[in-house]
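Chemist: Fold the following, please.
(one chain, ligands or ions: 1)
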Amino acid sequence: MTRRTTLTTLSAAIALAGSMALGGCSAGDGEPELEVGGAFMPQPVGDMAGGFLTITNSAGTADRLTGATSPLSDDVQIHETKDQKMRQVKSLDIPANGELKLERGGNHLMFMGIKKQPKQGEKVRVELRFEKSGPMEVDLPVEAATHNPAKH
Ligand code: CU
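Modeler: Modelled structure (predicted):
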């Protein structure tokens, strides 16, 4: 909502100024440039596991996280948390020049029916899939079950 209003206002301002075309630095051209940081998996205590990471997009083109696969689970889902309840979603937006945070209490990957119990210190391979970018392999270091980098 807010963004649309801002863009409209911006376009109007540019039109009024009557100078440069939108061409050179307009969003929507080119490829998203994605980078993954801060990835981890809390050591699972049941038959499901969560995956957390931040995807940073340094390009002017947005992308979407559309899925993930892993040797740990045949069903890796994308979840969002609303009103402290999580539910599966088809994809999550990775804004242009912005980031998508998968963090505790919010959006996350959920590995259903895990095939083994990864232990702290091990790594879990996951392949992320995107709407525009090619697939990306990420290793999630397994941390303590209560690990939460957002809390200090
Ligand atoms: Cu979940």
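
Chemist: So what's the gap between the helix or strand harbouring residue 138 and the chain middle?
Modeler: Using DSSP states H and E, residue 138 falls within strand 136-143. Between the centre of strand 136-143 and the centre of its chain there are 13 Å (CA atoms, centre = their mean, to the nearest Å).

Chemist: can you list the residues that contact that strand?
Modeler: The contact list for strand 136-143 (CB atoms under 8 Å, 6 or more residues apart in numbering) reads 34, 36, 39-43, 51-53, 118-128, 130. C-beta coordinates here come from the backbone N, C-alpha and C atoms, glycine included.

Chemist: That strand pairs with which strands?
Modeler: Strand pairing for strand 136-143, determined by DSSP bridges: strand 34-42 (parallel), strand 123-130 (antiparallel).

Chemist: Show the model's pLDDT score for residue 19.
Modeler: Looking at residue 19, its pLDDT reads 41.

Chemist: Distance check, the most centrally placed residue in the chain against residue 43.
Modeler: Central residue of the chain (CA atoms, centre = their mean): residue 100, 4.1 Å from the mean position. As for residue 100, its distance to residue 43 is 24 Å (criterion: CB to CB, to the nearest Å).

Chemist: so where do the helices sit in the chain?
Modeler: Using DSSP state H, the helices of the chain run over residues 2-17.

Chemist: Strands of that one, start to end?
Modeler: Shown for the chain, the strands assigned by DSSP state E span residues 34-42, 49-57, 63-69, 75-82, 85-89, 92-94, 98-102, 108-112, 123-130, 136-143.

Chemist: rewinding a little: tell me which of the strands paired with strand 136-143 lies nearest to the ion.
Modeler: Comparing these by their distance to the ion (CB to the ion), the top pick is strand 34-42, with 12.0 Å.

Chemist: For stretch 34-52, buried residues please.
Modeler: Using 16 or more other CB atoms under 10 Å as the test for burial, stretch 34-52 gives 34, 36, 39, 40, 41, 42, 43, 44, 49, 50, 51, 52.
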